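1. sharing a model that was predicted from the sequence below.
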Amino acid sequence: MTSPKPRRKETTIAPGIDRESLLIDARRELDMPARRLFGKQLVSLGGLAMLTGCSISDNKSVETFLSRVSRLNDGVQAWLYDPNRLAPTYTHAELTRPFPFNAFYGVEDAPEVDGEDFRLKVSGLVADKRAWSLPELYALPHAEQITRHICVEGWSAIGRWGGTPFSEFLKRVGADTSAKYIGFKCADDYYESIDMATALHPQTLLTFTYDGETLPTKYGFPMKLRMPTKLGYKNPKHVMEIFVTNTFPGGYWVDQGYNWFGGS
Ligand SMILES: Nc1nc2c(c(=O)[nH]1)N[C@H]1C(S)=C(S)[C@@H](COP(=O)(O)O)O[C@H]1N2
Ligand SMILES: [Mo]
């Protein structure tokens with residue numbers, strides 16, 4: 001006896017994926033700025049498929065489609081990004097205490113980097129590939145910032161970071177600022193990359209302190225790239241190497257499906 005085959009829902013696009021949930025996902029990908037651009041009603045699955053140049057007939061092409069939607073969204077976000085617009089800043093009284101720790105592991109597993117031996121590697125499209133010791137980095141022009149860090153896991157917190165404007169560091173190493181990306185390798189298995197416009201933003205700091213103290217291990221010793229214009233996961237801690245490139249480097253969460261531009 002054969003049991004009747006379950007009737008195929010008309011909206012099914014691929015096994016396990018129906019049209020509605022795919023559309024919800026695609027809409028989620030096209031977050032705020034993009035929605036403003038396309039208009040909520042205008043975003044249809046067919047329209048998105050056309051924009052991304054994908055046919056969506058099986059699992060693999062659905063995956064390609066979704067990743068293209070995400071890349072399309074990156075492009076729209078980058079295009080809408082105003083390199084001069086400043087993120088809000090706050091007062092000492094507004095600091096979140098204690099500032100939360102977050103990583104893809106527990107706080108006890110945060111990597112211990114030896115500051116004495118530490119040398120920051122610099123590679124790719126830069127004139128000067130010399131590695132930097134911490135005292136050399138600490139001697140760079142200093143800026144302090146109290147800004148809000150927003151994590152996609154649903155929390156935000158106001159913190160105070162100190163360090164050097166990243167544009168200043170890029171100038172010192174003779175970075176090719178016409179290149180597309182800056183990549184970061186971290187002491188844990190984390191890695192990230194950002195667009196050049198954000199790298200040069202006046203509030204993007206290479207930070208060495210938290211609230212006036214040497215950056216503690218949990219917050220990313222020896223340094224964290226702090227960008228108040230980007231979501232938390234875009235802000236790499238325990239930075240070991242910085243490279244300038246035109247080849248898309250991806251990122252720890254981006255390579256698992258998060259949006260790359262990650263604006264906040
Ligand atoms: N090296 C490294 N950097 C990282 C992460 C990580 O796991 N490893 N997590 C990111 C995420 S998701 C967040 S929210 C912030 C948390 O920073 P905090 O511990 O200073 O709050 O670090 C970001 N940078
Ligand atoms: Mo996060």
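-> Great, that's in hand. Ligands and ions are numbered 1, 2, ... in the order given.

2. residues from the chain in reach of ligand 2?
-> 151, 232-233 (C-beta under 5 Å from the ion). C-betas here are computed from N, CA, C, even on glycine.

3. got JSON lines for those residues, with pLDDT and secondary structure too?
-> Shown next, in JSON lines, are those (pLDDT from 0 to 100; DSSP: H, G, I helix; E, B strand; the rest coil):
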{"residue": "Cys151", "pLDDT": "93", "secondary structure": "strand"}
{"residue": "Gly232", "pLDDT": "96", "secondary structure": "helix"}
{"residue": "Tyr233", "pLDDT": "96", "secondary structure": "helix"}
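
4. buried among these? Make that a ChimeraX selection.
-> In ChimeraX syntax, the buried subset of the residues of the chain next to ligand 2 is picked out as below (16 or more other C-beta atoms under 10 Å):
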select :232,233
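
5. closest to Glu168 out of the residues of the chain next to ligand 2?
-> Gly232 (23.5 Å; C-beta to C-beta).

6. distance of that closest one from Phe99?
-> 12 Å (C-beta to C-beta, to the nearest Å).

7. and Gly263, by the same measure?
-> Taken as C-beta to C-beta, the span from Gly263 to Phe99 is 22 Å.

8. what are the structural domain limits within this protein?
-> With domains defined by automatic domain parsing, the chain comprises 19-80, 92-256.

9. got a pLDDT number for the residue lying closest to Phe261 once chain neighbours are set aside?
-> Nearest residue to Phe261, sequence neighbours excluded (C-beta to C-beta, 6 or more residues apart in numbering): Gln77, at 3.9 Å. Turning to Gln77, the model gives it a pLDDT of 83.

10. quick one: contacts for the residue of the stretch 1-150 of the chain found nearest ligand 2?
-> Closest residue of the stretch 1-150 of the chain to ligand 2, C-beta to the ion: Asn102 (5.1 Å). With contact taken as C-beta atoms under 8 Å, 6 or more residues apart in numbering, Asn102 is in contact with 151, 153, 232.

11. SS state for it?
-> coil (DSSP: H, G, I helix; E, B strand; the rest coil).

12. mind listing the helices for this protein?
-> Remark: helices assigned in the chain by DSSP state H are 19-29, 32-38, 45-52, 59-80, 134-138, 166-172, 196-199.

13. burial count for the nearest residue to Val173 once chain neighbours are set aside?
-> Setting aside the residues directly before and after it, Val173 is nearest to Val126 in space (C-beta to C-beta, 6+ apart), at 4.6 Å. Val126 has 18 neighbouring residues, counting by other C-beta atoms under 10 Å.

14. okay, and the beta partners of Val126?
-> Per DSSP bridges, the residues bridged to Val126 are Ala175.

15. pretty sure it is touching Ala175, no?
-> Yes - using C-beta atoms under 8 Å, Val126 is in contact with Ala175, at 5.0 Å.

16. between these two, which contacts overlap?
-> By C-beta under 8 Å, 6+ apart, Val126 and Ala175 have these common neighbours: Val244.

17. contact partners for Ala157?
-> For Ala157, the contact set (C-beta under 8 Å, 6+ apart) comprises 96, 99-100, 148-149.

18. how about a cut-off of 7 Å?
-> Taking C-beta atoms under 7 Å, 6 or more residues apart in numbering, we find Ala157 in contact with 96, 99-100, 149.

19. just how off-centre is stretch 157-173 within its chain?
-> Centre-to-centre, stretch 157-173 and its host chain are 16 Å apart (C-alpha atoms, centre = their mean, to the nearest Å).

20. can you list the residues of the chain near ligand 1?
-> Residues of the chain lying close to ligand 1 (C-beta under 6 Å from any ligand atom) are 100-104, 151, 186, 188, 190, 218-219, 232-233, 235-238.
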